[in-house]
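Participant: model this:
(one chain, ligands or ions: 1)
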Amino acid sequence: MNLILLGPPGAGKGTQGHRLSERYNIPEISTGDILRSAVHKGTPLGREAKNYMDRGALVPDEVMIGIVRERLAQDDTERGFILDGFPRTVAQAEALSRLSEEQQRPIEHVISIEVPQEELLQRLAGRRQLEGRQDDTDEAIRYRLEVYERETAPLIDYYRRQGLLRCIVGVGTIDEIFQRVAVVL
Ligand code: ADP
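Facilitator: As a prediction, this is how the structure comes out:
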């Protein structure tokens, strides 16, 4: 099963991705986690990515496409994968579509998790206190939501046209939302 989780920052992609990964025993590939780990280790990728991430800006498409291509080449993705945080631009979506065609591993479902803006702001502000992420400052949060609307939201239509989109209301308990996801798969 090859899935994409789509949704604004704070929608709960990571939480649901985790649950799905356990339920279906396929890896969750979070590009945000991959980048944060590179920043933490101080690798060249991490040093390049940090400037973008702290501001809430997107890391360049070529860099991200390279990361995902490498990650999908690993054996643990053979039975399926869950992408969380990728694609985030139309260029990334097009690259992914070429890649999955080449590898004959079509994307089967794109799950769009929908949460109202005010709730997102509250969640992200709450997370800042818990996790202390550099990009959870007021300014970076506002910018990430703006970037989402401009760069990522167009993917909703992109995948709807391909007949892959499954929309889920992302408000409620983690279990309730997981149930909704399970129903559309
Ligand atoms: P959130 O969804 O809460 O914004 P993520 O952990 O998914 O957080 O991403 C954190 C940051 O990592 C993004 O703001 C961006 O700088 C970078 N990033 C992650 N995935 C991508 C991607 N596919 N393309 C570009 N930048 C990305």
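Participant: drop to CA atoms for contacts and neighbour counts, all remaining ones
Facilitator: Noted.
Participant: please go through the chain and pick out the longest helix.
Facilitator: helix 117-131 (DSSP state H).
Participant: which bits of the chain sit near the ligand?
Facilitator: 9-10, 31-33, 52-53, 56-60, 64, 85-88, 144 (Cα under 6 Å from any ligand atom).
Participant: gap between the longest helix of the chain and the chain center?
Facilitator: Chain-centre distance of helix 117-131: 17 Å, with Cα atoms, centre = their mean, to the nearest Å.
Participant: so for that helix, mean pLDDT?
Facilitator: For helix 117-131, the mean per-residue pLDDT is 88.
Participant: list the buried residues in it.
Facilitator: By 16 or more other Cα atoms under 10 Å, the buried positions in helix 117-131 come out as L120, L121, L124, A125, R128.
Participant: could you do stretch 166-175 as well?
Facilitator: For stretch 166-175, by 16+ other Cα under 10 Å, it's R166, C167, I168, G170, V171.
Participant: check stretch 177-185 too.
Facilitator: I177, F178, V181.
Participant: which parts of this protein are helices?
Facilitator: Using DSSP H, helices in the chain cover 13-24, 31-41, 44-55, 61-72, 90-102, 117-131, 138-147, 154-161, 174-184.
Participant: return the member of these having the minimum mean pLDDT.
Facilitator: Looking at the helices of the chain, the weakest mean confidence is helix 117-131, a mean of 88.
Participant: give the other helices and strands that that helix contacts.
Facilitator: Under the contact definition 3 or more Cα pairs under 8 Å, 6 or more residues apart in numbering; DSSP states H and E, helix 117-131 sits against helix 138-147.
Participant: need the residues that contact the helix it packs on.
Facilitator: P8, P9, D54, R55, G56, A57, L58, L121, L124, A125, D135 (Cα atoms under 8 Å, 6 or more residues apart in numbering).
Participant: among those residues, who's most crowded?
Facilitator: P8 (24 neighbours; other Cα atoms under 10 Å).
Participant: number of residues surrounding the closest residue to that one other than its chain neighbours?
Facilitator: Closest residue to P8 apart from its sequence neighbours, by Cα to Cα, 6 or more residues apart in numbering: Y148 at 6.1 Å. A total of 19 residues lie near Y148 under the criterion other Cα under 10 Å.
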